[in-house]
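Asker: with the input below, show me the fold.
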Amino acid sequence: MVEEGMTLEDPLDGIRERVAREPYSRILGIRLVDLGPGWAVTEMDCTEEMEDLLGMTHGGALFSLVDEAFGAAGNSRGSVALALNVQITFVAPPSPREILRAEAKEIKREGRISNFEIRVKGEAGRIVAMALGTAYVKGEEL
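Answerer: Residues are numbered from 1 along each chain as shown. From the prediction side, this is the model:
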């Protein structure tokens, strides 16, 4: 489905527009900062509102950052891709008020199945979380 203002020639621009309008991403302040065929980079500022009962950034917020990068990368080739599975490992807690960056990269695509590696890094480049995602490519154009 092609939305108003989006042509099949500019799927990357269409994804940028969709992410910018997405209510959930706006609530968390997730930004799509870079995008290309098979990859995407998102960022999020850790805020006090995202803290868990231990005062650390909630794992759900980290997962949301991962999921946004995964979704943008998965759909970046212009076909609708739906998440089938995401496995995440929390490696280290982010520092308070840290800016986190999720980098998603397609590592293998065969038929309708596409696999991605997503790394979340803190401001100093240290790994905060790592994830693997699998998407089903429906074959429908965005």
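Asker: hang on, residue 47 packs against residue 98?
Answerer: No. Counting by C-beta atoms under 8 Å, residue 47 does not reach residue 98; the two are 10.2 Å apart. In this view, the C-beta of every residue, glycine as well, is placed from N, C-alpha and C.
Asker: of those two, which one has the most company?
Answerer: residue 98 (18 against 13; other C-beta atoms under 10 Å).
Asker: shouldn't that one be in contact with residue 46?
Answerer: Yes. With contacts counted by C-beta under 8 Å, residue 98 reaches residue 46, the gap being 5.0 Å.
Asker: shared neighbours, the two?
Answerer: residue 57 (C-beta atoms under 8 Å, 6 or more residues apart in numbering).
Asker: what comes up buried for stretch 96-106?
Answerer: Neighbour-count burial for stretch 96-106, counted by 16 or more other C-beta atoms under 10 Å, picks out 98, 100-104, 106.
Asker: which element, helix or strand, includes the residue minimising distance to the centre of the chain?
Answerer: Geometric centre of the chain, nearest residue: residue 69, 1.4 Å, by C-alpha atoms, centre = their mean. Assessed by DSSP states H and E, residue 69 sits inside helix 59-75.
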